[in-house]
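Visitor: quick one, what's the 3D model for this:
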Amino acid sequence: MKSHLLIIADGRSPTTRSWIDNTRTLGYDISLISTYPCEPPQGLCHFTILPLAFSRLSSGKPSDESKKAAKGHTKLLRNLARRFSSLTQRLRYYLGPLTISFKKKDFLTFLRTVQPDLVHALRIPFEGMLGAYTPSGIPFLAATWGNDLTLHANGSFLMRQYTRRCLFRANGLTADTHRDLALAQKWGLSPTAPTLMVPGSGGLNLDAIRSSHDFDPDPFCIPPKSFWVVNPRGLRPGSVHQDVFFAAIPKVLSQHPDTVFICPGLADIEQAKAWAAATGCEHRIFLLPNLPQPELWALFKRSQVFVSPSSHDGTPNSLLEAMACSCFPVVGNIDSMRPWVEDSKNGLLVNPLDAEALASAILTALDSPHLRRKAADYNLGTIKNQASQTATQPRINQFYSQFLR
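Guide: I've put the predicted structure just below:
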């Protein structure tokens with residue numbers, strides 16, 4: 001008989017869907033509580049949506065059901081939330097945790113209905129905070145995702161309180177960086193709780209990445225005969241410093257005028273449009289919508305340089321995917337990046353708050369085709385050995401088995 005795993009996560013996310021695919025491949029029955037409106041992934045035993053922390057106002061792609069239900073004022077609030085993203089983040093820190101208790105009854109009712117053997121929340125705010133209500137007879141696992149502990153946990157008194165409560169309840173923890181495994185104990189995780197460091201997606205499907213089609217620049221009017229610099233990190237206030245990225249663009253273009261800067265996930269973001277306009281180089285900047293995963297991989301294969309100017313981060317799946325696609329990484333010099341990127345060997349580490357340093361690193365990468373070629377071979381080997389499904393799935397299965405009778 002298969003073990004039944006209940007996942008609490010953002011069901012829109014490619015990271016969530018990859019984790020679901022990976023665990024289904026291991027033979028688990030999967031149910032999902034999505035904290036954002038979305039269409040259910042295929043192959044689930046049970047599915048429900050429990051919005052947390054005003055997720056209905058998210059600018060992400062809603063489900064068909066939520067589209068029908070959306071009223072004019074909801075659309076207006078979504079537009080305002082997108083326009084004032086930094087303020088929205090602060091409000092979520094102060095008010096978001098208060099929404100958790102209102103969903104306790106619905107969560108426990110769903111739990112009684114599906115009767116899982118194991119509950120796994122794929123990040124702490126706000127999925128793990130809800131999952132902490134899991135009755136003691138069911139093992140509950142938390143996960144850190146990106147900057148749960150280095151940024152979000154300190155966002156407010158309630159964020160600190162609910163983070164501690166989540167980790168105190170957790171029977172185990174998965175994380176995409178060793179840093180978080182150590183930090184979690186300071187936030188309440190038992191020193192004896194089993195832990196696992198693994199990519200947040202559960203591992204990359206290298207066969208799917210290899211088989212992705214060529215990227216077509218024509219629909220976006222991107223000049224094909226240019227150097228392509230890709231930054232797919234979207235708008236993440238307080239952690240990914242996109243203002244620094246845009247400030248670096250004029251210096252790069254002063255020495256490499258044949259470069260274009262491609263930013264998936266920023267097409268409808270007013271702040272990004274303002275940053276692009278301020279550079280005076282809008283004709284070399286392409287703000288794209290969110291791309292389907294195969295198209296994003298194709299973009300990485302076609303691009304020379306991947307940029308992520310983050311000061312708070314886990315291990316971005318986009319970084320691992322770019323490395324698998326031979327796209328040279330230029331990333332923030334922070335703890336979570338150093339295990340994957342060795343400066344001047346397989347990428348470049350920079351101060352993510354220094355536009356001059358970021359521009360210089362991008363120029364170094366563009367001017368060093370030999371370095372990019374050497375890095376490509378090294379990075380592909382690293383991904384195969386540490387982040388591919390072949391490497392990660394046995395470890396995930398072994399980790400889960402510790403909690404199953």
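
Visitor: phi, psi for residue 11 please.
Guide: phi -70, psi -10 (degrees, to the nearest 10).

Visitor: so what's it closest to, chain neighbours aside?
Guide: Of all residues beyond its chain neighbours, the one nearest residue 11 is residue 34 (3.0 Å), with distances taken as CB to CB, 6 or more residues apart in numbering. Any C-beta I mention is one placed from the backbone N, CA and C, and that applies to glycine too.

Visitor: list the contacts for the one you found?
Guide: For residue 34, the contacting residues are 9-12, 16, 40, 47-50, by CB atoms under 8 Å, 6 or more residues apart in numbering.

Visitor: need those residues in CSV (columns: pLDDT and neighbour count).
Guide: Output for the contacts of residue 34, formatted as CSV (pLDDT from 0 to 100; neighbours: other CB atoms under 10 Å):
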residue, pLDDT, neighbour count
9, 98, 25
10, 97, 21
11, 97, 24
12, 95, 22
16, 97, 27
40, 96, 15
47, 98, 17
48, 98, 16
49, 97, 19
50, 97, 20
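
Visitor: and these, which is closest to residue 120?
Guide: Checking the contacts of residue 34 against residue 120 with CB to CB, the nearest one is residue 9 at 8.4 Å.

Visitor: about what we covered before: next step: the contacts of residue 34 restricted to helices.
Guide: Counted as lying in helices by DSSP state H, out of those, are residue 16.

Visitor: re the thing from before, can you give me the distance of the residue nearest to residue 11 to residue 355?
Guide: 37 Å (CB to CB, to the nearest Å).

Visitor: would you put the C-alpha positions of stretch 295-311 in CSV?
Guide: Extracted as CSV, the C-alpha positions of stretch 295-311 are listed here (Å, rounded to 0.1, in the frame of the first residue of the first chain):
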residue,chain,number,x,y,z
GLU,A,295,10.7,28.1,-22.7
LEU,A,296,12.6,29.4,-19.7
TRP,A,297,15.2,26.6,-20.1
ALA,A,298,15.4,27.4,-23.8
LEU,A,299,16.1,31.0,-22.9
PHE,A,300,18.9,29.9,-20.5
LYS,A,301,20.5,27.8,-23.3
ARG,A,302,20.4,30.8,-25.6
SER,A,303,21.8,33.3,-23.1
GLN,A,304,25.4,33.9,-22.2
VAL,A,305,25.0,35.3,-18.6
PHE,A,306,22.6,34.6,-15.8
VAL,A,307,22.3,37.4,-13.2
SER,A,308,20.8,37.2,-9.7
PRO,A,309,21.6,40.2,-7.5
SER,A,310,20.2,38.8,-4.2
SER,A,311,21.3,39.5,-0.7
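
Visitor: buried residues, that stretch. List them.
Guide: 295-311 (16 or more other CB atoms under 10 Å).

Visitor: what average pLDDT does that stretch get?
Guide: Average pLDDT, stretch 295-311: 98.

Visitor: once you drop chain neighbours, what's closest to residue 272?
Guide: Once flanking residues are discounted, residue 272 sits nearest to residue 266: 3.9 Å by CB to CB, 6+ apart.

Visitor: from what I can see the one you found touches residue 236, true?
Guide: No. If you go by CB atoms under 8 Å, residue 266 and residue 236 don't touch, sitting 11.1 Å apart.

Visitor: which residues are common contacts for the two?
Guide: Taking CB under 8 Å, 6+ apart as the contact rule, residue 266 and residue 236 both touch residue 242.

Visitor: so those two - more neighbours on which side?
Guide: When residue 266 and residue 236 are compared for neighbours, residue 266 comes out ahead with 24 against 18, by other CB atoms under 10 Å.

Visitor: per-residue confidence at the residue nearest to residue 11?
Guide: Per-residue confidence (pLDDT) for residue 34: 98.

Visitor: quick check: it vs residue 48, distance?
Guide: Noted for residue 34: a distance of 7 Å to residue 48, by CB to CB.

Visitor: and stretch 245-265, what's buried?
Guide: Across stretch 245-265, burial judged by 16+ other CB under 10 Å covers 245-249, 251-253, 256, 259-265.

Visitor: burial of the nearest residue to residue 256 once chain neighbours are set aside, as a residue count?
Guide: Spatial nearest neighbour of residue 256, excluding adjacent residues (CB to CB, 6+ apart): residue 366 at 5.4 Å. By other CB under 10 Å, 19 other residues sit near residue 366.

Visitor: same check on residue 273?
Guide: 15.

Visitor: run a quick neighbour tally on the residue lying closest to it once chain neighbours are set aside.
Guide: Counting by CB to CB, 6+ apart, residue 287 is the residue found nearest to residue 273 once chain neighbours are left out, at 6.8 Å. Residue 287: 19 surrounding residues under other CB under 10 Å.

Visitor: repeat that for the one 5 residues further on.
Guide: Burial of residue 292, expressed as a neighbour count using other CB under 10 Å, amounts to 10.

Visitor: and what of residue 385?
Guide: Residue 385 has 10 neighbouring residues, counting by other CB under 10 Å.

Visitor: with adjacent residues omitted, what lies nearest to the most centrally placed residue in the chain?
Guide: For the chain, the residue nearest the mean C-alpha position is residue 316 (5.7 Å; CA atoms, centre = their mean). In space, and not counting its chain neighbours, residue 316 is closest to residue 308: 6.1 Å by CB to CB, 6+ apart.
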